[in-house]
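>>> just the structure for this:
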Amino acid sequence: MLWKPSTTPSDVIMHHGILGQRWGHKNGPPYPLDSTDYSKAEKRAAKKRARKERSEARKAKKQQKHEIASQKKAAKEEAHRQKILKTGSLKEVRKLKGNISNAEYTEVFKRLENEQKLDDFDKEQKKNFAVKVKSAQSVVSDIDKGSAAAVNLYNRGATIYNVLAKKKHWTPEELPLIKDQNQNQNNEKKK
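Residues are numbered from 1 along each chain as shown. Below is the predicted model:
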């Protein structure tokens, strides 16, 4: 029996399902469903997907926290390393042995060498300053002794002049005597 095309649409079946779809299975409705409209398998699959998504989100958040903590730790270690390179002692720099390039080593050793020279210069300057202070003290002491002798000599001369001036009636005014500061200090110490 050969098929003969007919002109009436009721005689011909043009569409009878979706290719690959089994009878009784639905692809899904074209309208939204309530929570009660889903099958048990669909509900289980949705819960499983949600659990998996939450788990992945927790893992991602934990990984992010771990990365942030490791970045902070690395930044802190780098800041400490830079501080040691700029101001650390030789002992502290040696602790960083594997983490320093040759250029950084040479820079650090130049800095330490310059600091040592500066310390030596400071010590030498302190010694020179101490010597200069002692010599200045001795000069002041010598001047003080000389001034005390000069004051003493003047006072003796003034006393003699005043005595002679009274006896001979030379002048109505007497020469004033200079008070000796050393004698005043000695008198205060004795009291």
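>>> next one: G157 from K166, what distance?
15 Å (Cβ to Cβ, to the nearest Å). Yep, even glycine has a C-beta here, placed from its N, CA and C like the rest.
>>> where do the helices sit along the chain?
Along the chain, the stretches classed as helices by DSSP state H are 40-87, 90-95, 102-168, 181-190.
>>> lowest mean pLDDT across these, which one is that?
Note on the helices of the chain: lowest mean pLDDT is at helix 181-190, with a mean of 58.
>>> picking up where we left off before, which of the helices of the chain sits closest to E174?
helix 102-168 (4.5 Å; Cβ to Cβ).
>>> what's the closest one packed up against?
The contact analysis (3 or more Cβ pairs under 8 Å, 6 or more residues apart in numbering; DSSP states H and E) places helix 102-168 against helix 40-87, helix 90-95.
>>> make JSON lines out of these and add mean neighbour count and distance to A136.
Formatted as JSON lines, the helices and strands packed on helix 102-168 follow (neighbours: other Cβ atoms under 10 Å; distance: least, Cβ to Cβ, whole Å):
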{"stretch": "helix 40-87", "mean neighbour count": "11", "distance to A136": "37"}
{"stretch": "helix 90-95", "mean neighbour count": "12", "distance to A136": "39"}
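>>> how about TSV for those helices, with distance to D142 added?
Formatted as TSV, these follow (distance: least, Cβ to Cβ, whole Å):
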stretch	distance to D142
helix 40-87	47
helix 90-95	48
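>>> so which of those comes closest to E113?
With Cβ to Cβ, the closest approach to E113 among those belongs to helix 90-95: 10.2 Å.
>>> mind checking how far the closest one is from the chain centre?
19 Å (Cα atoms, centre = their mean, to the nearest Å).
>>> make residue 1 into 194 and carry on from there
Sounds good: first residue 194 from here, last item helix 283-288.
>>> of all the helices and strands packed on helix 295-361, which lies closest to V344?
Ranking the helices and strands packed on helix 295-361 by proximity to V344 (Cβ to Cβ) places helix 233-280 first, at 56.9 Å.
>>> name the residues of stretch 289-296 that are buried.
L289, I293 (16 or more other Cβ atoms under 10 Å).
>>> and it, how far apart are its ends?
In stretch 289-296, first residue to last residue: 14 Å (Cα to Cα, to the nearest Å).
>>> count of residues packed around S331?
10 (other Cβ atoms under 10 Å).
>>> from K338, how far out is it?
According to Cβ to Cβ, S331 stands 10 Å off from K338.
>>> K276 now?
Applying Cβ to Cβ to K276 and K338 gives a distance of 56 Å.
>>> with that, I have no additional questions.
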